[in-house]
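[1] what follows is a protein structure lacking sequence information:
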């Protein structure tokens, strides 16, 4: 956090196939459609996590910019959806 601005986020991942399948079922997803991905779990997946930093948010915080569009190379909104 930089003041009230969130600069990064992260989470842990599921490493057990049966847990992932259960969550997918709860969301109504078709397990067969993800067999290629789920197959990796049969060989063992170690505990892992990930994080990401919002570069535009960091630049916005460092420069004191009010709107993220002012520091985004290709800003998108309802009127502009492609670069």
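    Cool, the structure landed. Treat the numbers as computed from the prediction; the structure is a model and nothing was measured. Numbering: from 1, shown residues only.

[2] if I look at the residue nearest the centre of the chain, how far off is residue 13?
    Computing the C-alpha centroid of the chain and ranking residues by Cα atoms, centre = their mean puts residue 52 first, at 7.5 Å. Applying Cβ to Cβ, to the nearest Å, the value for residue 52 to residue 13 is 13 Å. Bear in mind the C-beta positions are built from the backbone N, C-alpha and C, glycine included.

[3] and residue 9, bridged to which residues?
    Legend: beta-bridge partners of residue 9 under DSSP bridges are residue 52.

[4] any stretches of this protein with poor pLDDT?
    Applying pLDDT under 70 to the chain flags residues 82-83.

[5] now do 90
    Across the chain, the ranges flagged by pLDDT under 90 are 1-7, 68-69, 72-83.

[6] now do the strands in it.
    Under the criterion DSSP state E, the chain contains strands at 8-12, 49-53.

[7] can you list contacts of the first one?
    Around strand 8-12, the neighbours that count as contacts under Cβ atoms under 8 Å, 6 or more residues apart in numbering are 47, 48, 49, 50, 51, 52, 53, 54.

[8] show me just the buried residues among these.
    Among the contacts of strand 8-12, not one is classed as buried by 16 or more other Cβ atoms under 10 Å.

[9] quick one: the residue nearest to the centre of the chain and residue 3, what's the gap?
    The spacing between residue 52 and residue 3, counted by Cβ to Cβ, is 19 Å.

[10] about what we covered before: could you dump the strands of the chain to JSON lines with distance to residue 63?
    Below are the strands of the chain laid out as JSON lines (distance: least, Cβ to Cβ, whole Å):
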{"stretch": "strand 8-12", "distance to residue 63": "18"}
{"stretch": "strand 49-53", "distance to residue 63": "16"}
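
[11] now the helices for the protein?
    17-26, 35-38, 55-63 (DSSP state H).

[12] can you give me the buried ones in the second one?
    Buried residues in helix 35-38, counting neighbours by 16+ other Cβ under 10 Å, are absent.

[13] now stretch 59-72
    Quick answer for stretch 59-72 (16+ other Cβ under 10 Å): 60, 61, 71.

[14] the last one touches residue 60, doesn't it?
    Yes: when contacts are counted by Cβ atoms under 8 Å, residue 71 is listed as touching residue 60 (5.0 Å).

[15] sweet, I'm off.
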